[in-house]
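Visitor: A predicted structure for the sequence below; I have some questions about it.
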Amino acid sequence: MYIYTAYNLCIYSEIELPELFSAQGNPQVIVRRGRLDNIHPETTDGGNIILSPISFGVRFLIQNGCEITFDADSIVDESTIRALLLGFAMSLLLRQRGLLVLHGSSVVINNGVVGFIGGSGWGKSTLAETFRTQGYPILTDDVMPIQTNTEYPLVMPSFPQIKLWPETAAVLGHDLEKLTQVIPNLPKLAHRFTDGFSQESLPLKKIYILAKGSNHEIIPLSPQIAVLELIRHTRSTEWMTNIEFKKSNLQQCASLAKNVSISRFTRKPALADLIQLVQLVQADLSNSIVKVSQNQPHLNTIFCGRSHKF
């Protein structure tokens, strides 16, 4: 088997996963190919055992946070299998392991994590890649797992790849001919990079809920509204129907809304304004540092650097 690491997990895989870092260690997650046509849909329990329907010619069985079995038609390209495995299937597995998994991308600023949360096509990856071009490492793209049972919420690192629309990639200076399609015949492109990725779990200091509008604007959300937004943007809620997982998700979102600053970030559609958006976030974070320093000095390490406890 091939051995990799992602999300602080040692992954043994029957297929190559070139997006991931090679690693050594005992297996925490096993990815294997197998026949799933004899598995009855009633096998799923909406929590620790999830059997997906066929999508793009691939079906997954995700079990107990430690095993992913996939069954793919012979004509399915391996890039399609990998895209679904590292996105859809891995989101479910991470939730089975007790993590809150948001639909978001994140970057590292001053040893803390800033997350951009929203639906598909809302600009999460675009913002993260723009920040990377300005010297801020990426931590996650599209799948943002958070450990909430620690003193401060911690975001787990994914792998050094980001998915971009062609027009966005061009604006950010990428040579489109050197990028590959995430899934054949679909427009999104995969950019694998070697510089500007953090492999370390870091404390989450800020979340921006993305929205579209006529102006660029950042508005703080109340904890009550923030909880609803976090639930809305939790990945795989339609699959994790077990009551205990639903209860856990609510508790995790409530805890996050209580302990992390969350704002709505409204942007007008304009790729030419990307650097301006970076500056807007930088200014907002600077204001947050001042407020926290004045009101809660003991939390300075969350915003200005990592505490020794991390």
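Guide: Received, thanks. Numbering: from 1, shown residues only.
Visitor: For Phe245, give me the backbone phi and psi.
Guide: Torsion angles at Phe245 (phi, psi; degrees, to the nearest 10) stand at phi -70, psi -40.
Visitor: Local confidence estimate at it?
Guide: You'll see Phe245 listed with a pLDDT of 95.
Visitor: now the one 5 residues further on
Guide: In this prediction, Leu250 carries a pLDDT score of 97.
Visitor: Quick check: closest non-adjacent residue to it.
Guide: Closest residue to Leu250 apart from its sequence neighbours, by Cβ to Cβ, 6 or more residues apart in numbering: Ile231 at 6.9 Å. Any C-beta I mention is one placed from the backbone N, CA and C, and that applies to glycine too.
Visitor: same deal with Met90?
Guide: Val143 (6.2 Å).
Visitor: Strands along the stretch 201-310 of the chain, start to end?
Guide: All strands of the stretch 201-310 of the chain, identified by DSSP state E, counting those that start in this stretch, fall at 202-212, 217-220, 261-267.
Visitor: Adjacent strands (with direction) for the last one?
Guide: In the sheet, strand 261-267 lines up against strand 202-212 (parallel), strand 217-220 (antiparallel) (DSSP bridges).
Visitor: before we move on, the earlier item: phi and psi next, for the residue nearest to Met90.
Guide: Dihedral angles for Val143 - degrees, to the nearest 10 - are phi -110, psi 110.
Visitor: these two touch, right, it and Val101?
Guide: Yes - using Cβ atoms under 8 Å, Val143 is in contact with Val101, at 6.4 Å.
Visitor: shared neighbours of these two, anything?
Guide: 91, 94, 235 (Cβ atoms under 8 Å, 6 or more residues apart in numbering).
Visitor: Check the second one and give its pLDDT.
Guide: Going back to what we said before, that points to Leu94. Leu94 is given a pLDDT of 98.
Visitor: cool, and the first one?
Guide: Model confidence at Ser91, given as pLDDT, is 98.
Visitor: Between Val143 and Val101, tell me which one has more neighbours.
Guide: Using other Cβ atoms under 10 Å as the criterion, Val143 and Val101 rank with Val101 on top: 28 against 23.
Visitor: Roughly how far does the residue lying closest to Leu179 once chain neighbours are set aside sit from Phe245?
Guide: Excluding the flanking residues, the one nearest Leu179 by Cβ to Cβ, 6+ apart is Leu189, at 4.0 Å. Counting by Cβ to Cβ, to the nearest Å, the separation of Leu189 from Phe245 is 34 Å.
Visitor: any idea which element Asp45 lies in?
Guide: Under DSSP states H and E, no helix or strand contains Asp45.
Visitor: give the contact list for the nearest residue to it once chain neighbours are set aside.
Guide: Nearest in space to Asp45, with sequence neighbours left out and distances taken as Cβ to Cβ, 6+ apart, is Asn242 at 6.1 Å. By Cβ under 8 Å, 6+ apart, the residues touching Asn242 are 45-48.
Visitor: Now the phi/psi pair for the closest residue to Ile109 other than its chain neighbours, please.
Guide: Using Cβ to Cβ, 6+ apart and skipping residues adjacent in sequence, the residue nearest Ile109 is Tyr136, 5.5 Å away. Per-residue torsions, Tyr136: phi -100, psi 120 (degrees, to the nearest 10).
Visitor: Gln24 too?
Guide: Torsion angles, degrees, to the nearest 10, at Gln24: phi -130, psi 150.
Visitor: give the contact list for Phe197.
Guide: 137-139, 157, 159-160.
Visitor: Considering the residues you listed, which is situated nearest to Ile3?
Guide: Among the contacts of Phe197, Phe159 lies closest to Ile3 (Cβ to Cβ), at 14.0 Å.
Visitor: quick one: that closest one from Thr44, how far?
Guide: 27 Å.
Visitor: More neighbours: those two, which one.
Guide: Set Phe159 next to Thr44 and count neighbours by other Cβ under 10 Å: Phe159 wins out with 22 against 19.
Visitor: residues in contact with the more buried one?
Guide: 6, 19-21, 86, 197.
Visitor: Asn38 belongs to a strand?
Guide: No - looking at Asn38 with DSSP: H, G, I helix; E, B strand; the rest coil, it is coil, so not inside a strand.
Visitor: what number of residues lie near it?
Guide: With other Cβ under 10 Å as criterion, Asn38 counts 7.
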